[in-house]
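Q: just need the structure, nothing else, for what follows:
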Amino acid sequence: MSPELKAKIIAVCDKKIAQKGENVGLSFYAFFANKNDNPAALMEVATWWIQTHQLDHFEKAKTIKQMIQDTL
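A: Purely as a prediction, here's the structure:
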């Protein structure tokens, strides 16, 4: 996954945690606008989320953030 995409995921997780608290859940769609303007990035995150890590549809933002930080 590209460094830019990782940074975006961390930023979104931080924002959601700040807004809704430590236990907020999100799906991989949270990292994209409602309009599919970057299908390659969407597929990259979906593959990481679903195939690579076999995560549930909703996961805790703090878990996703930690998983991404562990790859930096």
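Q: how about M1, what does it touch?
A: M1 makes contact with 44-45, 48, 68, 71, according to Cβ atoms under 8 Å, 6 or more residues apart in numbering. All C-beta atoms are positioned from the backbone trio N, CA, C, and that covers glycine.
Q: measure Y29 to E44 for me?
A: Here the criterion is Cβ to Cβ, to the nearest Å. By it, Y29 lies 13 Å from E44.
Q: could you name the helices and strands sitting against the helix or strand bottoming out on mean pLDDT in the chain?
A: Sorted by mean pLDDT, DSSP states H and E, the helices and strands of the chain end with helix 39-46, the least confident at a mean of 93. Applying 3 or more Cβ pairs under 8 Å, 6 or more residues apart in numbering; DSSP states H and E, one finds that helix 39-46 contacts helix 3-20.
Q: list the pairing partners of the next helix or strand after the helix it packs on within its sheet, with orientation.
A: Of the helices and strands lying after helix 3-20 in sequence (DSSP states H and E), the nearest is strand 25-26. When pairs are called by DSSP bridges, strand 25-26 turns out to pair with strand 59-60 (antiparallel).
Q: then N36 would be within a helix, right?
A: No: looking at N36 with DSSP: H, G, I helix; E, B strand; the rest coil, it is coil, so not inside a helix.
Q: residue contacts, F28?
A: By Cβ under 8 Å, 6+ apart, the contact list for F28 reads 42, 45-46, 48-50.
Q: just to revisit the earlier point, mind saving the C-alpha coords of the least confident helix or strand of the chain as PDB?
A: The C-alpha coordinates for helix 39-46 follow below in PDB (Å, rounded to 0.1, in the frame of the first residue of the first chain):
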ATOM      1  CA  PRO A  39     -11.100   2.700  -8.100                       C
ATOM      2  CA  ALA A  40      -7.500   1.400  -8.000                       C
ATOM      3  CA  ALA A  41      -7.000   2.800  -4.500                       C
ATOM      4  CA  LEU A  42     -10.400   1.500  -3.400                       C
ATOM      5  CA  MET A  43      -9.500  -2.000  -4.600                       C
ATOM      6  CA  GLU A  44      -6.100  -1.800  -2.900                       C
ATOM      7  CA  VAL A  45      -7.700  -1.100   0.400                       C
ATOM      8  CA  ALA A  46     -10.500  -3.600  -0.100                       C
END
